[in-house]
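**Q** Let's see this in three dimensions:
(one chain, ligands or ions: 1)
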Amino acid sequence: MEIKSFDVSGLTLLTPHHIGDERGYFAETFRADLFAQHCGNWTFIQDNESRSVRPGTIRGLHFQSEPHAQGKLVRCTAGALFDVAVDIRQGSPTFGQWIGETLTPDNGKQLWVPPGFAHGFCSLEPDTVICYKVTAYYSAECDKGLRWDDPAIGVKWPDVVDPETLSPKDRQQPLLAELPAYFTWSE
Ligand SMILES: Cc1cn([C@H]2C[C@H](O)[C@@H](COP(=O)(O)OP(=O)(O)O[C@H]3O[C@H](C)C(=O)[C@H](O)[C@H]3O)O2)c(=O)[nH]c1=O
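**A** Model (predicted):
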């Protein structure tokens, strides 16, 4: 398992090893002990999956507010996607900063996005499937979001991005400057 941290503290990229043989490969895609060692003691209580049929499909930027704030462990199981996390912790030295990683079934990369971050992705191929574990159940009333193209954040989305794919909800998300202080940063 390779581990990469970012200048934006709290985000972690985990890459399980693929054990190859003439049939293909085997990978341990999640180990509670290794995850706790590198990301802390979290309990995953829900698994999510979505398929985006068109390349350039953009979902996000989303998060759940307290008391249902979610940590997300994200991976791609079909196609390819550009995964983005934005720091929305008031007082964070990296408030409003973003990171992006390309996740594919072949690279096996998984992004850990703890509470305090908005999360979104853009599919890069047809029929892209994202699978992610979350640390809190879905709560429609705590389901919040942020504009995907907020110039104050400046996410460099892939050229394939297609705003026509935005859900009605995502077409009217607020700007970072309009966002209440849902999360505050602590050392
Ligand atoms: C997230 C979620 C949604 N739903 C229902 C609500 C809607 O009827 C339908 C589609 O929901 P939504 O349009 O919010 O789905 P996405 O646009 O893929 O949103 C997700 O994708 C971005 C990238 C995320 O990080 C979040 O996990 C999540 O917000 O599924 C549920 O029943 N349970 C759930 O956990």
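
**Q** burial measure for the spatially closest residue to residue 19 that is not a sequence neighbour, as a count.
**A** Distances taken as CB to CB, 6 or more residues apart in numbering place residue 26 nearest to residue 19, at 4.7 Å, with adjacent residues excluded. Bear in mind the C-beta positions are built from the backbone N, C-alpha and C, glycine included. When neighbours are defined as other CB atoms under 10 Å, residue 26 has 12 of them.

**Q** Surely residue 26 touches residue 17?
**A** No: Residue 26 is beyond contact range of residue 17, at 9.4 Å (criterion: CB atoms under 8 Å).

**Q** Report the contact partners of the residue nearest the centre of the chain.
**A** Per CA atoms, centre = their mean, the C-alpha nearest to the average position across the chain is that of residue 119, at 4.3 Å. The contact partners of residue 119, by CB atoms under 8 Å, 6 or more residues apart in numbering, come to 60, 61, 62, 63, 72, 74, 83, 84, 85, 86, 113.

**Q** nearest to the ligand, of the residues you listed?
**A** Within the contacts of residue 119, distances to the ligand taken as CB to the nearest ligand atom reach their minimum at residue 62, with 3.4 Å.

**Q** what's the helix or strand for that closest one?
**A** Using DSSP states H and E, residue 62 sits within strand 58-64.

**Q** quick one: average confidence on that strand?
**A** On average, the pLDDT along strand 58-64 is 98.

**Q** same question, stretch 15-32
**A** What stretch 15-32 shows for mean pLDDT is 97.

**Q** before we move on, what about stretch 100-115?
**A** Mean pLDDT, stretch 100-115: 98.

**Q** Could you pull out the buried residues of it?
**A** In terms of neighbour count (16 or more other CB atoms under 10 Å), stretch 100-115 has its buried residues at 100, 101, 103, 104, 108, 109, 110, 111, 112, 113, 114, 115.

**Q** May I see the residues you listed arranged in TSV, with secondary structure and distance to the ligand as well?
**A** TSV is the format used below for the buried residues of stretch 100-115 (DSSP: H, G, I helix; E, B strand; the rest coil; distance: CB to the nearest ligand atom, whole Å):
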residue	secondary structure	distance to the ligand
100	strand	13
101	strand	14
103	strand	12
104	coil	17
108	coil	19
109	coil	16
110	strand	14
111	strand	11
112	strand	13
113	strand	8
114	coil	13
115	coil	12
